[in-house]
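> I would like to see how this sequence folds:
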Amino acid sequence: MSIEASGRPREIAPGIHLLGICHVYQNDVRFPFVNGKPIHLHLSNYVIKGTEKTVLIDTGEPAGWQIVSEQLDQILGDRKLDYLFSTHPEFLHSANLARIMQKYPECMLVGDVRDYDMYFPGLTNRFAPMPLRSVLDLGGGYEFVILEASIKDLPSTTWGYEKKNKVLFSADAFQFAHVHASIPGLDWTEFHTEQECSMTTEELPGGGGQVKDNAAFIFRAALYWLRYIDPQPLFDRVEALFKEFPPRIICPAHGHVIMNPHDIVPIIEAEMESISGTSGTSKDRPLTEADTKAAADHGAQQV
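Numbers count the residues shown, from 1 in each chain. Model prediction:
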């Protein structure tokens, strides 16, 4: 596996910045080559800069820390980081927590902080638990709302919503990799265009087709439990949340920034449906070797 970080950091809306890296999987056991080409999977972080306060969404993981640290320097300049919002205590989302706290001595971890004391017992004095629907006033009209996740990777997964720009930070929901441009007749040697890792969904050369081609196999690996359930109740919860907190932009941890949610969310939900169970129980389909392997691989990532 290698790392790609071109085009980042990038301001995707006024005061909201994309940073982070892409993992490039070279025929990894979880993500084998697709048509002989490696797979790129985002590990994105986001910074919101209000006029008074700042917040970082997720920390990334140690292999990308030096890059993320430098990106933070570019975005914040001489400003401090006031808050860290980690969507859930999974390695890819929280492993750099101690490094963040060391770099920014006044920063506080906010939100659902359960279990973090087991991973970072020496930092509990810098945890500020906040219930769902709590609002961080960042100044200048920037308000960050802590929301219950409609689609959860872990029981404590939470989402965030920035009200001024109507931006939803969705953790592991609405994720997809990118491999190629999905354009008929495209030469496979040109599978990955320059700066593609930092593009938004509106800029991708393959458009919605590129999202469709690269979503389902990620769900099989990361949200493996989808194959045992009927996902419609999840989609209903998403729809209800969108009515209360309408997203103009969706920022997933693993996937391009979604600038056109009305077009992209139905594509992703259809791919989730395509790998799901038929009535919500595993009895509908025998457990296969692939199922067992996906579950084992996901479990290994949590250790």
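
> quick one: residue 79 from residue 178, how far?
Separation of residue 79 from residue 178 (CB to CB, to the nearest Å): 32 Å. C-betas here are computed from N, CA, C, even on glycine.

> so how far is residue 4 from residue 207?
Counting by CB to CB, the gap from residue 207 to residue 4 is 21 Å.

> hmm, back to that, neighbour count for residue 79 and residue 178, which is higher?
Neighbour totals were compared for residue 79 and residue 178, and residue 178 leads with 25 against 11 (other CB atoms under 10 Å).

> isn't the more buried one up against residue 196?
Yes - applying CB atoms under 8 Å, one finds residue 178 in contact with residue 196, separated by 6.4 Å.

> any residues in contact with both of the two?
Common contacts of residue 178 and residue 196, defined by CB atoms under 8 Å, 6 or more residues apart in numbering, comprise 40, 204.

> so in this structure, where's the weakest helix or strand by average pLDDT?
When the helices and strands of the chain are scored by mean pLDDT, DSSP states H and E, helix 289-302 comes last with a mean of 47.

> for residue 61, give me its contacts.
Here residue 61 is in contact with 43, 91-92, 95-96 (CB under 8 Å, 6+ apart).

> so where's the stretch 201-303 of the chain uncertain?
Applying pLDDT under 70 to the stretch 201-303 of the chain flags residues 278-303.

> and the helices in it?
Ranges of helices within the stretch 201-303 of the chain are 207-213, 216-222, 232-244, 261-274, 289-302, based on DSSP state H, counting those that start in this stretch.

> which one of those helices lies closest to residue 15?
Nearest to residue 15 among these is helix 261-274; the distance by CB to CB comes to 19.5 Å.

> so that closest one versus helix 232-244, what angle?
Interaxial angle of helix 261-274 relative to helix 232-244 (axes from the mean of the first three to the mean of the last three CA atoms, to 10 degrees): 170 degrees.

> show me which residues of helix 261-274 are buried.
Residues of helix 261-274 classed as buried by neighbour count (16 or more other CB atoms under 10 Å): 261, 264-265, 267-269, 271-272.
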